[in-house]
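Peer 1: missing the sequence, but the structure's below:
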């Protein structure tokens, strides 16, 4: 969908803060499926957690991201910003298991051609109850995503390391240009 915009990139790079700003400005926002899966699994005492069952976790994230995409299809008149999405989960699952899931998902769930990545930002990176991995794992994930999106035909823009208002302005200006 041409109005579905992915904001992805390095864990701890300010995606959620940016999405909250876009939401305050009146835009539709889909929160990160990975965090929601962790919260759900912890609440339900489930095992599909990245530190217990990474494959099960990624499958759950893919399922949630697909459901998010399908429910957002009803919104065809305004921007819908996704904090990550199905491509991130499929790329991670394929890398981990070798299952060829990325191409099929990328074909059936198209986003706006402009994808925004948050670069590594060690000064704001924080681990928490839901993000237990360290900066090195975040960097590896970021490097993978830098290759995944262009390989699927997306144009990648790196978000500047600036105040959240400036980041939101940058993103919206770039979308207006396309």
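Peer 2: Yep, that arrived. Predicted model, so just to flag it, every value in this text is computed and none were measured.
Peer 1: can you pull out the helices in the protein?
Peer 2: With DSSP state H, the ranges of helices along the chain come out as 15-24, 33-43, 54-72, 86-97, 102-108, 135-151, 164-177.
Peer 1: for the last one, the distance to its chain's centre please.
Peer 2: This means helix 164-177. For helix 164-177, the distance between its averaged C-alpha position and the chain's averaged C-alpha position is 17 Å (C-alpha atoms, centre = their mean, to the nearest Å).
Peer 1: residues making contact with it?
Peer 2: Contacts of helix 164-177 from elsewhere in the structure, counted by C-beta atoms under 8 Å, 6 or more residues apart in numbering, are 5, 7, 14, 17-18, 21-22, 25, 79, 112, 114, 116, 157, 159-160, 162. Every C-beta, even on glycine, is put in place using the N, C-alpha and C of the backbone.
Peer 1: gap between the residue nearest the centre of the chain and residue 71?
Peer 2: When C-alpha atoms, centre = their mean is applied to the chain, the residue found nearest the centroid is residue 84 (1.0 Å). Residue 84 sits 16 Å away from residue 71, taking C-beta to C-beta, to the nearest Å as the criterion.
Peer 1: Count the neighbours of residue 172 for me.
Peer 2: Residues within reach of residue 172, counting by other C-beta atoms under 10 Å, total 15.
Peer 1: Residue 101 now?
Peer 2: 19.
Peer 1: Would you check that it makes contact with residue 65?
Peer 2: No - judged on C-beta atoms under 8 Å, residue 101 makes no contact with residue 65 at a distance of 11.8 Å.
Peer 1: coming back round to it: show me the contacts of helix 164-177 that map onto strands.
Peer 2: When strands are assigned by DSSP state E, the members of the contacts of helix 164-177 inside them are 5, 7, 114, 116, 157.
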